[in-house]
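>>> Here is the input, now give the coordinates:
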Amino acid sequence: MDRDLKPRRRSRSLTDEERKLWRAAMKDATPLKRGRKAEQAEGAPPPPASTQAAPASPTSAASAAIFVPPPKPRPPAVPPPLGPLERRTSQKLARGQIEIEATIDLHGFSQERAHGALLEFIARSRGRGLRCVLVITGKGASPYARHTLHGSTFYEVPERQGVLRSAVPRWLGEAEFRLHVSGFQPAHPKHGGGGAFYLWLRKKR
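Next up is the predicted model:
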């Protein structure tokens, strides 16, 4: 027999007094439920401190709960302003030398109806790739040839222009029209003169 080997200690049974003390100490204890995984993991060393998740502090939890609003959508691009036509194009229009590709006549239209009809006509024409269109508004009533007495003086009654004739240039300055129209100018007499306008449309994208 090897003298270096120590004899194994035999376990002894508890005395009656030790059992009483053990039962008194454990009477209020609640047994833990242990699963199979817990039993398998028993005796395994704890994970390194660096891999253990640190408890979240109240500040970090509050920061995570802060609502971040979505980014605001970008405003639509503003169409460029109306500009003068190229000199050569303007001269040809003034001489009536450019072919009119489409025409709209707004005679008898109310302002509201004329506004919508004109915008639809322009958008549709540009969608077809047209560049030069004619808008007929009418000249309005003829100028008065008489004088009107006002107190002890006389004055000339100004020419009464057509409502649409004065409204169309104003509408063309609106963003929804500038999206399609790059410029305009009064038409040649053979195309209506002062009661019509040439519209030069932007190139189709």
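>>> if you skip the residues just before and after it, what's nearest to Arg178?
Leaving aside its chain neighbours, Arg178 sits nearest to Pro79 (4.0 Å; criterion: CB to CB, 6 or more residues apart in numbering). (Each C-beta comes from the backbone N, C-alpha and C, glycine too.)
>>> That neighbour contacts Leu179, doesn't it?
Yes: Pro79 lies in contact with Leu179 (CB atoms under 8 Å); the separation is 4.4 Å.
>>> Strands of this structure, start to end?
For the chain, the strands defined by DSSP state E occupy 102-105, 132-136, 147-150, 153-156, 181-186, 196-201.
>>> Can you lay out those strands as a markdown table showing distance to Lys20, mean neighbour count and mean pLDDT?
Supplementary listing: the strands of the chain in a markdown table, determined by distance: least, CB to CB, whole Å; neighbours: other CB atoms under 10 Å; pLDDT from 0 to 100:
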| stretch | distance to Lys20 | mean neighbour count | mean pLDDT |
| --- | --- | --- | --- |
| strand 102-105 | 111 | 16 | 97 |
| strand 132-136 | 111 | 21 | 96 |
| strand 147-150 | 128 | 9 | 35 |
| strand 153-156 | 129 | 10 | 36 |
| strand 181-186 | 105 | 19 | 94 |
| strand 196-201 | 107 | 23 | 95 |
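>>> picking up where we left off before, contact partners for the residue nearest to Arg178?
Pro79 makes contact with Ala175, Arg178, Leu179, according to CB atoms under 8 Å, 6 or more residues apart in numbering.
>>> change it to 10 Å
Glu174, Ala175, Glu176, Phe177, Arg178, Leu179, His180, Val181, Ser182, Arg202 (CB atoms under 10 Å, 6 or more residues apart in numbering).
>>> which helices and strands does the longest helix seen in the chain pack with?
Criterion DSSP state H: the longest helix present in the chain is helix 111-127. Counting by 3 or more CB pairs under 10 Å, 6 or more residues apart in numbering; DSSP states H and E, the packing neighbours recorded for helix 111-127 are strand 102-105, strand 132-136, helix 163-172, helix 175-178, strand 181-186, strand 196-201.
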